[in-house]
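Student: just a sequence and a predicted model for now, questions to come.
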Amino acid sequence: MGRMGMNKDQEGRGPAQRQLRVGELVRRSLSEVLARGDVHDPDLNRMSITVGEVRMSTDLKIATAYVLPLGGIGREDVLKLLSRNKGELRRLVSKKLALKFAPDLRFQLDETFDRMDETRRMLAQDVVRRDAEAPDTDEDGAPDQGPA
């Protein structure tokens, strides 16, 4: 694929400022719509859903929302309910935003908290803690003097 077709994330620079700004606007709007229960689906309105992040495609036409049900219970159900109602959610979110196109909403489970817990558990292990507290040494076992 040519350089023009590559996503900025693939080039290593990260998302553009506009992608970040629009992603945050979509996140806030989606969170508000879900919190108020504006969707005409009682199953979805019964759930408390956290929208942790929204990542926009470079052309701002696709918004991937990273969501998690409160308490982490019913993860797969949340994705099914959101996908089932994505047309109405798209319409409600786009009414709040002044964008040229209403972004297509896609939903993924937000695994940030799971990764943080796993990291915390790893750092709490005795072996890791011992290694972290040990003084730095070079290959010969002598104390490391830092860069030469």
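Tutor: Yes, it's here. Residues are numbered from 1 along each chain as shown.
Student: got the contact list for Leu68?
Tutor: With contact taken as Cβ atoms under 8 Å, 6 or more residues apart in numbering, Leu68 is in contact with 49-50, 52, 75, 78, 109-110, 113. For glycine as for every other residue, the C-beta is placed from the backbone atoms N, C-alpha and C.
Student: redo the residues you listed as CSV? Include neighbour count.
Tutor: As requested, those are exported to CSV (neighbours: other Cβ atoms under 10 Å):
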residue, neighbour count
Ile49, 20
Thr50, 17
Gly52, 16
Arg75, 14
Val78, 22
Leu109, 16
Asp110, 20
Phe113, 12
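Student: want to throw those into CSV with pLDDT?
Tutor: Below are those laid out as CSV (pLDDT from 0 to 100):
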residue, pLDDT
Ile49, 93
Thr50, 93
Gly52, 93
Arg75, 84
Val78, 93
Leu109, 93
Asp110, 88
Phe113, 59
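Student: filter those down to just the ones in strands.
Tutor: Per DSSP state E, strands hold the following members of the contacts of Leu68: 49-50, 52, 109.
Student: closest to Leu89 among these?
Tutor: Set against Leu89, the nearest of the ones in strands among the contacts of Leu68 by Cβ to Cβ is Ile49 (10.9 Å).
Student: beta partners for that closest one?
Tutor: Taking DSSP bridges as the rule, Ile49 bridges to Pro69.
Student: now the closest residue to Asp43 other than its chain neighbours: how far from Leu89?
Tutor: The spatial neighbour of Asp43 that comes closest, neighbours along the chain excluded (Cβ to Cβ, 6 or more residues apart in numbering), is Leu81 at 5.7 Å. Distance, Leu81 to Leu89, by Cβ to Cβ, to the nearest Å: 10 Å.
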